[in-house]
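Enquirer: coords please:
(one chain, ligands or ions: 1)
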Amino acid sequence: MIPMGNRDKLKDKQRIVVKIGSSSLTHPETGDMNLEKMERLVRVLADWSNQGKDVVLVSSGAIAVGRKTMNLTERPKEKSVKQACAAIGQTRLMMVYQRLFSEYNKVPAQLLLTKLTMLRDENRRNARANFKELLSMGVIPIVNENDTVVTDEIEFGDNDTLSAIVAALINADLLILLSDIDGLYTDNPRINPEAKLISEVTYITDELESMAKGAGSDVGTGGMATKITAARIANDAGADMVICNANDVTKLRDILAGEEVGTLFCAHKNPDFHILKYVTAEKE
Ligand code: GLU
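Expert: Alright, predicted model coming up:
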């Protein structure tokens, strides 16, 4: 019998966390929401839910959508403006998700988390129990950092890390990061045309980490380095992780069909895994 490849194993995934970043949710030309992409994404997630899978969406975009709503031409730098934008944008985002999911008879729920939610044992247990309850109801939790209340000292700051922590919290077996790049390359493909896409990473080595000096973008906060951090957390917790390009979200289906899309980081569960190893009160 031919042994099952790591890609084939993705067919059986049951609890999936998908993260989409701000730059993927908005049109670069205008900063407005990319409704078609959101619609396609929601359709895939709703269909996975119809197949009996547990689905969680970690969605950025609150600050970007709020900024556009208030017609701010530049990414806000001041904390108070960022927090105001997040408060404005989060409700807009949820309004759109609510509407799109309800077209497929699906119920989304909003969960806004902070580092403190993870650091305090009781909060962390509550958050886990809440996810469990929602998933057992067939609800699709939509997660973001609670940007309007976090302080510089105590924020995740990027949803790549947050999504990996969520995957670990709920024992997800797969985390998918939808990005503005196809996956992990041997070098920065925006600078080096010879850079090659890496299809599979069995172990994250130091050499590999140094390859991950991807540039961030104007609207999101995650570069490739935060994605490697996310992979370390997810893999250690026992979840596979895939980075793939958000330009065609229907590729999500191909990932679950075992096709070679993006970069797969293979899980190797650490029996001593604990979230508190990865979430500290200090600013990283
Ligand atoms: N939580 C931020 C937002 O919704 C985004 C963080 C990130 O870009 O990863 O705007």
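
Enquirer: residues contacting the spatially closest residue to Pro76 that is not a sequence neighbour?
Expert: Leaving aside its chain neighbours, Pro76 sits nearest to Lys82 (4.8 Å; criterion: C-beta to C-beta, 6 or more residues apart in numbering). For every residue, glycine as well, the C-beta is placed using N, CA and C. Going by C-beta atoms under 8 Å, 6 or more residues apart in numbering, Lys82 touches Ile63, Pro76, Asp147.

Enquirer: quick one: contacts for Gln98?
Expert: Per C-beta under 8 Å, 6+ apart, neighbours of Gln98: Pro108.

Enquirer: can you confirm it is in a strand?
Expert: No: judged by DSSP: H, G, I helix; E, B strand; the rest coil, Gln98 forms no part of a strand; its state is helix.

Enquirer: kindly provide the distance from it to Ile170.
Expert: For Gln98, the distance to Ile170 equals 22 Å [C-beta to C-beta, to the nearest Å].

Enquirer: now do the strands in the stretch 1-150 of the chain.
Expert: 15-20, 54-59, 108-113, 140-145 (DSSP state E, counting those that start in this stretch).

Enquirer: which strands or helices does the one helix or strand in the chain whose mean pLDDT sits lowest pack on?
Expert: Least confident helix or strand, the chain: helix 206-211 with a mean of 77, by mean pLDDT, DSSP states H and E. Using 3 or more C-beta pairs under 8 Å, 6 or more residues apart in numbering; DSSP states H and E, the elements in contact with helix 206-211 are helix 224-237.

Enquirer: can we see that at 6 Å?
Expert: With contacts taken as 3 or more C-beta pairs under 6 Å, 6 or more residues apart in numbering; DSSP states H and E, helix 206-211 sits against no other helix or strand.

Enquirer: centre of the chain to it, how far?
Expert: Centroid separation for helix 206-211 versus its chain: 21 Å, with C-alpha atoms, centre = their mean, to the nearest Å.

Enquirer: what's the answer for stretch 28-41, then?
Expert: What separates the centre of stretch 28-41 from the centre of its chain is 17 Å, taken as C-alpha atoms, centre = their mean.

Enquirer: quote the end-to-end distance of it.
Expert: 18 Å (C-alpha to C-alpha, to the nearest Å).

Enquirer: would you mark the buried spots in it?
Expert: For stretch 28-41, the neighbour count (16 or more other C-beta atoms under 10 Å) marks Gly31, Met33, Asn34, Lys37, Met38, Arg40, Leu41 as buried.
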